[in-house]
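>>> Give me a 3D structure for the following:
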Amino acid sequence: MDGTTKIEVQTDEPAVPWRSRTVQIVLTSTALAPLGVPLISPALPVFRDVFGISDAQASLLVSTYFVVGIVLSPFIGLLADRIGRKRVLVAGLATFGVLGGAMALAPSFEALLALRVAQGTAAAAIFITTVTLVGDTFDGAQRNAVLGVNVAVLSATAALFPVLGGMLVGIAWNAPFLAYLAALPVAAFAQVALDEPDRPAGGRGTAYLVDAARTVLTPPLVALFAVAFVTEFLAFGVIFTALPFLLATALTPVLIGAVILAGEASSMVVATASGRLARLLSNEWLIALGFACYAVGFAAAWIAPGTPAMLGAVLVIGAGVGLLMPVVDAAVSDRVDTEYLAGAMSLRNSTTFLGRTAGPIAFAGLAISVGYGYDSLLLASSLVAVLAALIAAGVGNVRLVRVVADRA
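Numbers count the residues shown, from 1 in each chain. Predicted coordinates for the structure are as follows:
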C-alpha cells in the first residue's frame with residue numbers, strides 16, 4: 001500500500017508468528033471478546049429473578065450490547081485512524097474491564113443496563129483495533145493465517161464461556177461480571193508491549209472524513225461489507241435461532257448446546273487453516289467456497305431425517321463460517337490504505353453486529369409471526385447462499401482473468 005510501512009511481514013510463509021507481541025496481544029484481546037454475550041447468556045434467567053423483570057427486559061442485556069456497536073463503530077474506527085490503534089485498544093480493554101466489574105455492584109437493573117450499553121462501546125473498540133492491527137502488521141497469506149487463528153480463538157472462547165458463566169452464576173448472581181476484570185491486565189500488557197504500527201500522516205478535520213469516505217465507500221468494499229452482513233445474518237438466524245427450535249422436539253438443551261458446539265469446533269478448525277488456503281485460492285474464491293458450504297449445510301439441515309444428519313449439516317455450516325470470517329477481514333485489508341484501515345474495519349464491525357442482531361429477529365419473526373416455519377427458512381437460506389456463492393465465484397473469475405492478462 002502506498003505510503004505505509006509493514007512490520008513482521010513474511011509473505012512467503014503463512015505460519016503464525018506466535019512470538020510476535022502483536023499476535024499475542026491480538027489473540028489475548030480477542031479471547032476476552034466473548035465475555036460480552038456468551039458469558040452472561042446462561043445467567044439471564046437469574047438476572048430476571050434478582051431484579052424482578054420480564055424475559056424481554058433481561059434480553060436487553062444482549063441486544064443493547066450489539067446495538068451500540070452498530071451505531072458507534074464507525075466513530076471508533078475514525079478515532080483509531082487519527083490517534084492510533086494502541087491508544088484505542090488499551091482504552092477499550094480498560095473500559096471493558098472496569099465497567100464489567102462495576103456491574104457486580106449495580107444497585108438496579110437500570111444501572112446494570114446503562115453500564116452494559118457503555119461496555120458495548122468498549123467491546124466495539126476491541127473488535128475493531130485487533131483486526132486492524134493484523135491488517136497493519138501482516139500481509140499476504142500470513143495475514144490470512146493470523147486472522148484465521150483470531151477467528152479460531154473467538155470460536156473457542158465463545159464455546160467455553162457459557163460453561164464458565166453458568167458455573168459463576170451458581171456461586172452468586174453477580175459473580176459472572178467479575179470475569180470482566182481479566183481485561184485489566186491485558187490492557188496493561190498492551191500498553192507496555194504493543195508497538196504502534198507506522199502509519200502515514202493524513203489530513204485533519206473535514207478533509208480527513210471526506211478522504212476516508214471516498215476510500216472506504218467503494219463498490220468492492222461495500223460488497224465485502226455485504227458479505228460480512230450475510231455471513232452473520234444467516235449464521236445467527238440458522239444456527240442460533242432456527243436449529244435450536246427444530247432440535248428441541250428430540251434433544252435436551254444440553255444436547256442442543258453440544259450440536260452448536262460442534263459447529264463452533266468446525267469453524268475453529270477451518271479458520272486455523274485460512275493461511276494455507278489463501279496460498280491456493282484467492283479471497284474471492286474462498287468466499288465462494290464459504291457460501292457453498294452454507295448452501296450445502298442449510299439444504300442438508302432442511303432434509304435431515306434425524307439428529308446425526310443434522311449434526312453433519314452443522315459441521316458443514318461451521319466450516320463455512322470458518323472460511324468466510326477471516327477472509328472478509330483479509331480482503332478488506334488488501335483494499336484499504338493503512339491510514340483508513342480502522343475506519344474500514346469499523347464499518348465491517350457495524351455490518352457484522354447488524355447481521356447478528358437482525359438474523360434472530362428476522363428468522364423468529366418470519367417463522368412464528370408470518371408463519372413460514374423454520375424448515376422453509378432453511379431452504380430459503382440455502383438458495384440465498386447459492387446466489388452469494390455464484391456471485392463471489394463470478395468476481396473471482398473476473399479477477400483471475402485480469403491477473404493472467406497483466407502477467408501476459
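>>> where does the stretch 151-300 of the chain have low pLDDT?
For the stretch 151-300 of the chain, the stretches with pLDDT under 70 are 198-209, 253-254.
>>> Mind giving me the packing neighbours of the helix or strand containing residue 80?
Following DSSP states H and E, one finds residue 80 within helix 55-83. Taking 3 or more CB pairs under 8 Å, 6 or more residues apart in numbering; DSSP states H and E as contact, the helices and strands that helix 55-83 lies on are helix 44-51, helix 85-102, helix 109-137, helix 205-216, helix 341-364. In short, each C-beta sits where N, CA and C put it, glycine included.
>>> how about it: buried residues?
Buried positions in helix 55-83, judged by neighbour count with 16 or more other CB atoms under 10 Å: 58, 60-70, 72-74, 76-82.
>>> Least reliable of the helices and strands packed on helix 55-83 by average pLDDT, please.
If you rank the helices and strands packed on helix 55-83 by mean pLDDT, helix 205-216 sits at the bottom with a mean of 68.
>>> between the next helix or strand after that one and helix 341-364, how many degrees?
Next along the chain after helix 205-216, taking DSSP H and E as the criterion, comes helix 219-237. Angle, helix 219-237 to helix 341-364, by axes from the mean of the first three to the mean of the last three CA atoms, to 10 degrees: 40 degrees.
>>> Any idea how far helix 219-237 is from the middle of the chain?
Averaging C-alpha positions (CA atoms, centre = their mean, to the nearest Å) puts helix 219-237 11 Å from its chain's average.
>>> cool, and stretch 167-185?
The mean C-alpha position of stretch 167-185 is separated from the chain mean by 23 Å, CA atoms, centre = their mean.
>>> What of stretch 237-246?
On CA atoms, centre = their mean, the centre of stretch 237-246 falls 18 Å from the chain's centre.
>>> measure that stretch end to end?
Stretch 237-246 has an end-to-end distance of 12 Å (criterion: CA to CA, to the nearest Å).
>>> before we move on, back to that, which one, of the helices and strands packed on helix 55-83, ends up nearest to residue 298?
In terms of CB to CB, the element of the helices and strands packed on helix 55-83 nearest to residue 298 is helix 341-364, at 11.8 Å.
>>> list the buried ones in the closest one?
Within helix 341-364, judged by 16+ other CB under 10 Å, the buried ones are 341-360, 362-364.
>>> quick one on the thing from earlier: please produce TSV containing the helices and strands packed on helix 55-83, extended by distance to residue 155.
Output for the helices and strands packed on helix 55-83, formatted as TSV (distance: least, CB to CB, whole Å):
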stretch	distance to residue 155
helix 44-51	22
helix 85-102	20
helix 109-137	14
helix 205-216	27
helix 341-364	14
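>>> of all these, which lies closest to residue 308?
Nearest to residue 308 among the helices and strands packed on helix 55-83 is helix 341-364 (23.7 Å), distances taken as CB to CB.
>>> roughly how far is the closest one from the heart of the chain?
Its chain's C-alpha centre and that of helix 341-364 lie 9 Å apart, by CA atoms, centre = their mean.
>>> what do you get for stretch 46-65?
24 Å.
>>> would you put the C-alpha positions of it in PDB?
Provided in PDB are the C-alpha atoms of stretch 46-65 (Å, rounded to 0.1, in the frame of the first residue of the first chain):
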ATOM      1  CA  VAL A  46     -31.100 -15.400  37.200                       C
ATOM      2  CA  PHE A  47     -30.900 -11.700  36.400                       C
ATOM      3  CA  ARG A  48     -34.600 -11.700  35.700                       C
ATOM      4  CA  ASP A  49     -35.400 -13.200  39.100                       C
ATOM      5  CA  VAL A  50     -33.000 -11.000  41.000                       C
ATOM      6  CA  PHE A  51     -34.300  -7.700  39.600                       C
ATOM      7  CA  GLY A  52     -37.900  -8.800  39.200                       C
ATOM      8  CA  ILE A  53     -38.000  -8.100  35.400                       C
ATOM      9  CA  SER A  54     -39.500  -9.800  32.400                       C
ATOM     10  CA  ASP A  55     -37.700 -12.100  29.900                       C
ATOM     11  CA  ALA A  56     -37.800  -9.300  27.300                       C
ATOM     12  CA  GLN A  57     -36.200  -6.800  29.700                       C
ATOM     13  CA  ALA A  58     -33.500  -9.300  30.600                       C
ATOM     14  CA  SER A  59     -32.700  -9.900  26.900                       C
ATOM     15  CA  LEU A  60     -31.900  -6.200  26.600                       C
ATOM     16  CA  LEU A  61     -28.600  -7.000  28.200                       C
ATOM     17  CA  VAL A  62     -27.800  -8.800  25.000                       C
ATOM     18  CA  SER A  63     -29.400  -6.600  22.300                       C
ATOM     19  CA  THR A  64     -28.200  -3.300  23.700                       C
ATOM     20  CA  TYR A  65     -24.600  -4.600  23.700                       C
END
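>>> got a list of contacts for it?
Stretch 46-65 is contacted by residues 36-37, 40-41, 44-45, 108-109, 112-113, 116-117, 119-120, 123, 169, 173, 357 when judged by CB atoms under 8 Å, 6 or more residues apart in numbering.
>>> For PyMOL, write the select line for the buried members of those.
To isolate the buried members of the contacts of stretch 46-65 in PyMOL, using 16+ other CB under 10 Å:
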select buried, resi 36+37+40+41+44+109+112+113+116+119+120+123+169+173+357
